[in-house]
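Visitor: what shape does this take:
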Amino acid sequence: PRTASSTLDVDDDAAEEKLGTFKGVFLPCLQNILGIILYLRLTWITGQAGTLGTSGIVLICACSTFLTALSLSAVATNGRVEAGGPYFVISRNLGPEVGTAVGLLFYLGTTIAASMYVLGAVEMLYEGFAAVRHTISLPGTWDYAISALVIMALLTGIVRAGVRRVNQAAPVFLSIVLFSIVLLLLGILLFAGGVYTGGLSERDRKFFDNVKPNFEKSDGRRWNFRSLLALFYPSVTGIMAGSNRSGVLEDASRSIPAGTLAAIFATTTLYLVVVWLFGSVLKHDTLIDNQYVVADVAWPHPVVVKVGIIMSSVGAALQSLTGAPRLLAAIASDGTIPALEVFAPKASKSEPPPPAPPTPERRPGDSPRRVTSDDRLSTFEAAPVEDSPTRVASSNRLTALEMEAPPAES
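Guide: Okay, the predicted model is just below:
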């Protein structure tokens, strides 16, 4: 079977320049973490759990991803991380069987997430802009489906053009998202000072009305701390976006830990700032009843946040579509599942791949770890021991002493 470390016949991989920590890991992770929950659900969760409870939710979720990132960093810094990202790390440490099982699930999850991101962008496109809703009108939900297919086709074209094109398009989407976040934070500060109201009114301002939890019944159920934790948790995922591009990183062992941890700290800080600003300024009923309160308070117009929601969803979908094919190609290149070998990239003709290491024979009941250990022991036993000059000199001295020693008396 081929190995994932072989030179792959992918035009953009061969011609592109290697990426550093900022562009290769930090920005993709940041773009994949920031999503629609920040715009539509975080303020509602703050109204339910209060600023103290929501801060606890954010910190619990951040600790979960932080520990995951630490584990990934420990493995990534222990050796060279090649194409395949998390699959490469797991398969080389826990065995190809475990790595393939986890890698396929991760590939399916990343692919399905891309379609859900696109559907979220389409929904905001129709719900937030009346002009689009009136211009494109088809029976049933065909307008949503066709629009989603068009956006997916455009993103697929960008990914097909190569990682260089992705690196050119992704910062545009992310810059719009960050710009909208700055404007909504500026809007809430101006609203707190009574300078700007936006789509709200003076009655919506009530300081420190959401400090303690105030769980209310919504959507036919009464929410509690655990259910709100489950609702918010998807907004901290996406930390694997950088490791998925390990094949195009200049120094994956250094970039993956630094970029992933920096993205976690940056997004956690942003979430806490949003929770305390909106929870401390707005009225409790406003946070619960107004789903688009973030857009209504944004300066200078709510449209900036609506565009930010669309760009965040499209950008996250772009990162998912970029990482998923590379993950599948790495799994197929190892040849663990013969049916997937059709997806394996071809080896470059100018630089053939190195031969695969011999697979040791397994006894019934042996685990991959034991086979590897036995193989290493066999290697050490078979390796000849070269005599050093010190050892030769010591042997010569011992021989001379034995020759000079008188024979033992019987």
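Visitor: mean confidence score for stretch 66-75?
Guide: Computed over stretch 66-75, the mean pLDDT rounds to 89.
Visitor: now it: how far from the chain's centre is it?
Guide: Centroid separation for stretch 66-75 versus its chain: 12 Å, with CA atoms, centre = their mean, to the nearest Å.
Visitor: equivalent analysis for stretch 173-185, please.
Guide: 20 Å.
Visitor: swap in stretch 140-153?
Guide: Worked out by CA atoms, centre = their mean, stretch 140-153 lies 26 Å from the chain centre.
Visitor: start at 58 instead
Guide: Yep, numbering from 58; the last one is stretch 197-210 now.
Visitor: buried residues, that stretch. List them.
Guide: Under the neighbour-count criterion of 16 or more other CB atoms under 10 Å, stretch 197-210 has 200-201, 204-205, 208-209 buried. C-beta: built from backbone N, CA, C; applies to glycine.
Visitor: one more: stretch 108-123?
Guide: 108, 110-112, 114-115, 118-119, 122-123.
Visitor: now Leu334: closest residue in space that isn't a chain neighbour?
Guide: Of all residues beyond its chain neighbours, the one nearest Leu334 is Ile245 (5.0 Å), with distances taken as CB to CB, 6 or more residues apart in numbering.
Visitor: so where do the helices sit in the stretch 258-407 of the chain?
Guide: If DSSP state H, counting those that start in this stretch is used as the criterion, the helices of the stretch 258-407 of the chain fall at 282-289, 309-338, 341-346, 350-354, 360-391.
Visitor: sort out which one of the buried residues of stretch 197-210 lies nearest Tyr164 for me.
Guide: Within the buried residues of stretch 197-210, proximity to Tyr164 (CB to CB) peaks at Met209, which comes in at 17.0 Å.
Visitor: quick one: name whatever helix or strand follows the helix or strand containing the closest one.
Guide: Met209 belongs to helix 199-218 when assigned by DSSP states H and E. Per DSSP H and E, the first helix or strand lying C-terminal to helix 199-218 is helix 220-249.
Visitor: the inter-axis angle of that next one versus helix 360-391?
Guide: 150 degrees (axes from the mean of the first three to the mean of the last three CA atoms, to 10 degrees).
Visitor: got a list of what Trp280 touches?
Guide: Listed by CB atoms under 8 Å, 6 or more residues apart in numbering, the contact set of Trp280 reads 105, 272-274.
Visitor: related to what we said a few turns ago, ok, the residue nearest to Leu334 - how many residues close by?
Guide: 26 (other CB atoms under 10 Å).
Visitor: can you show me the helices along the stretch 58-207 of the chain?
Guide: Under the criterion DSSP H, counting those that start in this stretch, the stretch 58-207 of the chain contains helices at 68-72, 78, 84-90, 93-97, 99-133, 143-151, 153-185, 187-192, 199-218.
Visitor: how about these, which one is nearest Leu344?
Guide: Among those, the nearest to Leu344 by CB to CB is helix 99-133 (3.1 Å).
Visitor: fine by me, we can end here.
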